[in-house]
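Undergrad: sequence plus predicted model, see below.
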Amino acid sequence: MKDVKSQASKSTTPGKGGLSAEIQSRIGHQLRAMYDDVVRQGVPERFAELVRKLDAPQAASQLEGSGGSNEDDGRE
Amino acid sequence: MPLTDSLRDDILAAVPSLRAFAISLSGNGDRADDLVQETLLRALANIDSFQPGSNLPAWLFTILRNLFRSDYRKRRREVEDAEGNYAKTLKTQPAQNAHLEFEEFRAALDKLPQDQREALILVGASGFSYEDAASICGCAVGTIKSRVNRARSKLAALLYVEGAEDFGPDKTVRAVIGGSSG
């Protein structure tokens, strides 16, 4: 961590937006790492069910009555 | 556009990145999944208003972003006790060292103004063009560019510049990490 900081303050060759290329790429890398961790989890089953089974009118009525039934409703 | 099977597949394919966007915005896994669920319900209910051939992910992201915005004021208080929940949503816990770095990054991201945070995520992580990000956020392309730049500068100041010690792991923890990695 200390290394990062001292490097950062030395190599602040103002590039685009006043940040060094190294810092920009470090931020980009961390941002994508955080995001991709979630992307890699794929599609949770509850959403797969919802998108595959629900028709537009059903979705509309679910929205109106959305008081929060987060239990499975055991539809056949 | 009618709800065809292939459109359903396309919507499903967007779910992982919708979740990532929702978690990045809200910092809370449970709330993020509620946002995604409501986004999907709205998308399905309003599928007629989707223009065939236009950008489906951008359309879905717009719905989610607007939901998050309208929800944000209401929930502001609850968000505060949700700190740390994000890490629990991860299936694989990162190694300790990486984990602390991650927490630090997450904390810095949360300090950004909402406009800047969403712009940075859309462009820097979701991979949208400036144009798509502008349409998702309902603002000009130049505005998105300047928000992204300001977000990067602020993150850099928080994370990589001397004197930004007032958040994240304390110095003792830093010293331990420094010792073991150097």
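TA: Received the coordinates, thanks.

Undergrad: which secondary structure elements does the helix or strand where residue A:35 lies contact?
TA: Per DSSP states H and E, residue A:35 falls inside helix A:21-39. The helices and strands touching helix A:21-39, judged by 3 or more CB pairs under 8 Å, 6 or more residues apart in numbering or on different chains; DSSP states H and E, are helix A:2-10, helix B:5-26, helix B:96-111, helix B:114-124, helix B:141-160. C-beta: built from backbone N, CA, C; applies to glycine.

Undergrad: would you list these in TSV and tack on mean pLDDT?
TA: Shown next, in TSV, are the helices and strands packed on helix A:21-39 (pLDDT from 0 to 100):
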stretch	mean pLDDT
helix A:2-10	44
helix B:5-26	95
helix B:96-111	84
helix B:114-124	97
helix B:141-160	95
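
Undergrad: output those helices as TSV; include the columns mean neighbour count and distance to residue A:54.
TA: As requested, the helices and strands packed on helix A:21-39 are exported to TSV (neighbours: other CB atoms under 10 Å in any protein chain shown; distance: least, CB to CB, whole Å):
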stretch	mean neighbour count	distance to residue A:54
helix A:2-10	13	48
helix B:5-26	20	9
helix B:96-111	17	33
helix B:114-124	22	27
helix B:141-160	19	33
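
Undergrad: to residue B:35, which of those helices lies closest?
TA: Proximity to residue B:35 (CB to CB) singles out helix B:5-26 among the helices and strands packed on helix A:21-39, at 4.5 Å.

Undergrad: quick check: angle from that closest one to helix B:114-124?
TA: 130 degrees (axes from the mean of the first three to the mean of the last three CA atoms, to 10 degrees).

Undergrad: and stretch B:44-54, C-alpha only, in CSV?
TA: Output in CSV follows, covering the C-alpha atoms of stretch B:44-54 (Å, rounded to 0.1, in the frame of the first residue of the first chain):
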residue,chain,number,x,y,z
LEU,B,44,-41.9,-7.2,-18.8
ALA,B,45,-45.0,-5.1,-18.1
ASN,B,46,-43.8,-2.4,-20.5
ILE,B,47,-42.3,-4.6,-23.1
ASP,B,48,-44.5,-3.0,-25.8
SER,B,49,-42.7,0.2,-25.4
PHE,B,50,-39.3,-1.4,-26.2
GLN,B,51,-38.2,-0.5,-29.7
PRO,B,52,-37.0,-3.6,-31.6
GLY,B,53,-33.4,-3.3,-32.6
SER,B,54,-32.6,-0.7,-30.0
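
Undergrad: burial check on residue 48, number of neighbours?
TA: I'll assume chain A. Close neighbours of residue A:48, defined as other CB atoms under 10 Å in any protein chain shown, add up to 14.

Undergrad: can you look at chain B instead?
TA: Residues near residue B:48, counting by other CB under 10 Å, number 9.

Undergrad: from residue B:37, how far off is the closest residue to residue A:28 other than its chain neighbours?
TA: The shortest distance from residue A:28 to any non-neighbouring residue, by CB to CB, 6 or more residues apart in numbering or on different chains, is to residue B:124 (5.6 Å). Using CB to CB, to the nearest Å, we find residue B:124 at a distance of 26 Å from residue B:37.
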